[in-house]
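> predicted structure and sequence below. I'll ask about it afterward.
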Amino acid sequence: MPVLLPPGKALTVRTAADAFLDSLINPDTIRNYGIAVGKIAEHLGEARPLAAVADDEIGGALELLWGSSAVNSWNARRGAVLSWTGWCAERGYDGPAVPAWAKRMPPPDSDTPVRSKMAIDRLMARRAVHLLLEKTLWRMLYVACARCEEILDVNIEELDLAGRRWPVKSKGAQPKVRRRGASRADYVLETVFWDAGTARLLSRLLKGRTRGPVFVTHRRAGPGKVLSARDVCPDTGLARLSYGQARVLLDQQTAHAGPGTGWDLHEYRHSSLTHLGEQGASELMLMAKSRHKKVENVRRYFKPSAEAIADLTSLLAPGDARR
């Protein structure tokens with residue numbers, strides 16, 4: 001049953017915050033927005049009338065709480081508070097707005113290293129049998145240009161093996177239904193693709209399995225670990241490979257100065273975008289491949305190598321075409 005809120009000036013900061021958070025659907029959004037809106041409400045005074053709060057108080061609270069935080073943290077907290085004040089305004093509640101001087105900060109350039117195609121090919125060409133799991137995951141990360149969590153979440157029955165594609169629940173996926181606790185099938189899914197080389201590795205990895213997670217660990221889950229039925233292979237009892245486990249496997253093969261000094265899983269996605277850009281892929285095609293919604297998000301991943309820039313510079317050399 002919907003909560004009836006008092007009109008206008010009778011609405012308190014806490015009541016407005018609770019009503020806004022209760023209107024959200026995605027559990028991750030509720031958790032992240034709850035941190036920002038909850039702390040702002042506590043700082044402003046939860047029992048105060050919302051209409052008595054000035055715009056500059058909102059800006060001052062943001063500066064005090066997250067002014068010295070990283071750029072991404074500031075933008076996330078500011079965005080949550082902006083959504084809250086905008087929600088209140090849309091419903092006709094008297095209240096403050098985020099002031100113009102509390103601006104969104106431009107995101108910093110990504111410092112994720114770009115691995116050369118030769119280094120990636122060399123790593124995936126290793127012949128050790130026990131690397132089949134890792135090699136299949138690494139190649140799929142690179143050619144699909146997908147986030148690691150998206151790939152690890154896929155089950156065998158969801159694969160289109162003939163079409164070399166599968167649906168994933170992307171970051172920020174929109175729900176099909178307005179309810180909390182929605183399952184993966186309740187979200188709008190997007191399609192990613194793999195190549196013939198990945199298909200050959202995948203067929204060896206699955207070994208006739210037709211159900212359960214594509215990527216599983218080498219052992220059964222311990223008795224104290226509770227997993228959903230979707231995260232366990234019904235034929236072997238092996239559990240789904242987690243992000244942390246996949247990160248450790250990659251670090252073991254690439255560390256050069258002890259544990260923790262190897263590659264990061266995100267470097268495959270970063271590198272594939274850069275390599276596609278160096279080969280002339282347009283921004284629109286890069287967005288379609290990576291499923292980014294904003295051009296600036298693609299641009300900050302694309303960092304051409306020094307060799308690519310040198311080759312581009314050579315095109316401007318006078319008279320080269322006639323020599």
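Thanks, I have it.

> give me the below-cutoff pLDDT ranges for the stretch 101-250 of the chain.
Per-residue confidence for the stretch 101-250 of the chain (pLDDT under 70) gives these ranges: 107-111, 129, 172-186, 221-225.

> as a check, name the ranges of all helices in it.
117-124, 132-144, 148-152, 196-206, 243-254 (DSSP state H, counting those that start in this stretch).

> now do the fourth one: which elements does it pack against?
In other words, helix 196-206. helix 132-144 (3 or more C-beta pairs under 8 Å, 6 or more residues apart in numbering; DSSP states H and E). Heads up, the C-betas are built off the backbone N, CA and C, glycines and all.

> ok, and what's touching the helix it packs on?
120, 123-124, 126, 146, 148, 151-152, 192-195, 197-198, 201-202, 204-205, 215, 218, 241, 246, 249-250, 253, 265, 268-269, 271-272 (C-beta atoms under 8 Å, 6 or more residues apart in numbering).

> relative to Tyr301, which of the helices of the stretch 101-250 of the chain is closest?
Tyr301 lies closest to helix 132-144 among the helices of the stretch 101-250 of the chain, at 13.8 Å (C-beta to C-beta).

> before we move on, back to that, now the contacts of helix 132-144: which count as buried?
Buried by 16 or more other C-beta atoms under 10 Å: 120, 123-124, 146, 148, 151-152, 192, 194, 198, 201-202, 205, 215, 241, 246, 249-250, 265, 268-269, 271-272, out of these.

> with adjacent residues omitted, what lies nearest to the residue sitting nearest the centre point of the chain?
By C-alpha atoms, centre = their mean, the mean C-alpha position of the chain lies nearest to Lys171, the distance being 4.7 Å. Among residues not flanking Lys171 along the chain, Arg147 sits closest, at 6.4 Å (C-beta to C-beta, 6 or more residues apart in numbering).

> count of residues packed around the one you found?
21 (other C-beta atoms under 10 Å).

> these two touch, right, the residue nearest to the centre of the chain and Cys148?
No: the pair Lys171 and Cys148 does not pass the contact test of C-beta atoms under 8 Å, sitting 11.3 Å apart.

> contacting residues around Gly45?
Listed by C-beta under 8 Å, 6+ apart, the contact partners of Gly45 are Val13.

> if we use 10 Å, what do you get?
By C-beta atoms under 10 Å, 6 or more residues apart in numbering, the contact list for Gly45 reads Thr12, Val13, Arg14, Ala52, Val53, Glu57.
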